[in-house]
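J.: Sequence plus the predicted model coming up.
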Amino acid sequence: MIEPTANIDFNLLTALDALLEEESVTAAADRLGLSGPAMSRALGRIRRTVGDPILVRAGRRMVPTPRAVEIKAEVRRLVEAAHGVLSPAGPADPARLNRVFTLNASDVMVTILGPPLVARVAREAPGVVLRFLGESHVDLPLLRDGVADLELGVIDSPEPEVRTAPLFEDRIVAVVRGGHPLAEQPLTARRLVAGPHLGFSRRGRLAGPLDTALAERGLRRRVIATVPTLAAMLMMVRDSDAVGLAPERTAAPMIRGLGLRALSVPLDLPPMPMAMAWHPRQEADPGHRWLREVVRETVAATVV
């Protein structure tokens with residue numbers, strides 16, 4: 001009697017492959033670490049499923065039937081394919097990757113990491129395209145929704161399941177134009193709040209940790225404008241007497257390039273932990289693992 005297809009145990013493929021390779025119930029059992037009776041039962045089930053004896057006795061040995069000879073190569077291929085599907089994926093070969101990775105990052109992270117990251121990816125993985133998204137003024141579940149593959153920056157409100165990895169820690173400094181009076185003497189909290197301030201916030205916020213620290217001393221600064229990007233704020237600082245705030249390590253190349261001065265803030269402000277985040281669906285993906293490692297190494301070589 002032939003077993004119904006719906007009741008097929010696909011583990012029988014492994015047993016059938018061993019039987020066809022060894023042409024012996026005993027040898028096939030040894031190969032799979034089974035007992036002789038267990039392998040004999042498997043052969044019985046295979047015979048009922050296939051509707052063919054598969055192996056028949058010829059003297060002291062067993063020989064395959066024509067049907068067994070016919071399906072032997074296909075059975076081997078299926079078993080190898082199954083092992084490939086169920087085995088852990090190996091490391092990605094960057095040279096053979098062909099995909100688009102979407103990164104959600106602030107303008108300053110794109111400015112400092114973009115050039116070296118794009119250059120390295122172009123060398124190692126010419127089939128890979130990096131697509132950078134600007135930060136929105138509202139928090140959106142871009143990783144959860146599959147809109148972005150990786151998020152870079154201060155990960156302050158991740159979804160519960162999102163994975164994060166630290167990259168480096170930054171701190172806030174005051175930034176002024178070259179020749180600004182604040183740069184001529186040691187900066188104090190009272191001197192810091194004496195002049196106008198420019199802020200940057202993708203959400204349009206007018207206050208932050210600095211204002212909390214100042215309030216504890218009975219001080220308050222005067223913010224005259226806020227813009228959505230650090231680059232825009234630094235350009236405005238360069239052309240005015242206003243004071244800006246910037247992440248010291250991340251913004252260092254931009255501050256130097258614009259001829260600005262970075263001054264230590266004389267207040268105990270919380271650090272800025274820079275990190276990368278991704279959704280668990282990407283955790284084991286070889287291409288994504290390669291990208292995360294490239295980002296880590298690029299950060300280590302770029303951020304001083």
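T.: Looks like it arrived, so ask away.

J.: Could you give the number of residues near residue 117?
T.: 23 (other CB atoms under 10 Å). C-beta here means a position set from N, CA and C on the backbone, and glycine is covered the same way.

J.: List the buried residues in the least confident helix or strand in the chain by mean pLDDT.
T.: The weakest-scoring helix or strand in the chain, judged by mean pLDDT, DSSP states H and E, is helix 66-86 (a mean of 85). Going by neighbour count (16 or more other CB atoms under 10 Å), the buried part of helix 66-86 is 68, 71-72, 75, 78-79.

J.: now, among those, which is nearest to residue 302?
T.: Nearest to residue 302 among these: residue 79, at 47.3 Å, using CB to CB.

J.: what's the spacing between the closest one and residue 47?
T.: To residue 47, residue 79 is 19 Å away according to CB to CB, to the nearest Å.

J.: what's stretch 195-208 in contact with?
T.: Stretch 195-208 is contacted from outside by 106, 135-138, 182, 221-230, 232-233, 236-237, 240-245, using CB atoms under 8 Å, 6 or more residues apart in numbering.

J.: Same check on stretch 221-235?
T.: 106-108, 111, 137, 175, 192-193, 195-202, 204-207, 210-211, 214, 236, 242, 244, 246-247, 251, 254-255, 258, 260.

J.: now stretch 64-80
T.: 13-14, 16-17, 20-21, 23, 50, 52-56.

J.: Could you do stretch 267-276 as well?
T.: The contact list for stretch 267-276 (CB under 8 Å, 6+ apart) reads 109, 150-155, 164-172, 189, 209-210, 213-214, 217, 247, 250, 292, 295-296, 299.

J.: ok, 6 Å please
T.: The contact list for stretch 267-276 (CB atoms under 6 Å, 6 or more residues apart in numbering) reads 150, 152, 154-155, 164-172, 209, 213, 247, 295.

J.: Any of the residues you listed buried? List them.
T.: 150, 152, 155, 167, 170, 172, 213, 247, 295.

J.: among those residues, which are in strands?
T.: Judged by DSSP state E, the subset of the buried ones among the contacts of stretch 267-276 located in strands is 150, 152, 167, 170, 172, 247.

J.: biggest separation within those, which pair?
T.: 150 and 172 (24.6 Å).

J.: what's around the nearest residue in space to residue 98 that is not next to it in sequence, how many residues?
T.: Counting by CB to CB, 6 or more residues apart in numbering, the nearest residue to residue 98 once its immediate chain neighbours are dropped is residue 127, at 3.8 Å. Number of residues near residue 127 (other CB under 10 Å) recorded here: 12.

J.: Ok, residue 185 next?
T.: With other CB under 10 Å as criterion, residue 185 counts 8.

J.: Need the per-residue pLDDT for it.
T.: As predicted, residue 185 sits at a pLDDT of 87.

J.: Please tell me how far the residue lying closest to it once chain neighbours are set aside sits from residue 243.
T.: The shortest distance from residue 185 to any non-neighbouring residue, by CB to CB, 6+ apart, is to residue 191 (7.4 Å). Here the criterion is CB to CB. By it, residue 191 lies 10 Å from residue 243.

J.: And residue 256, by the same measure?
T.: If you go by CB to CB, the gap between residue 256 and residue 243 works out to 18 Å.

J.: In terms of neighbours, single out the busier of these two.
T.: More neighbours surround residue 243 than the other of residue 256 and residue 243, with 26 against 11 (other CB under 10 Å).

J.: Now for residue 176: which residues touch it?
T.: With contact set as CB under 6 Å, 6+ apart, residue 176 has these partners: 182-183, 243, 261.

J.: at 7 Å what do you get?
T.: Residues in contact with residue 176 (CB atoms under 7 Å, 6 or more residues apart in numbering) are 182-183, 237, 243, 260-261, 263.
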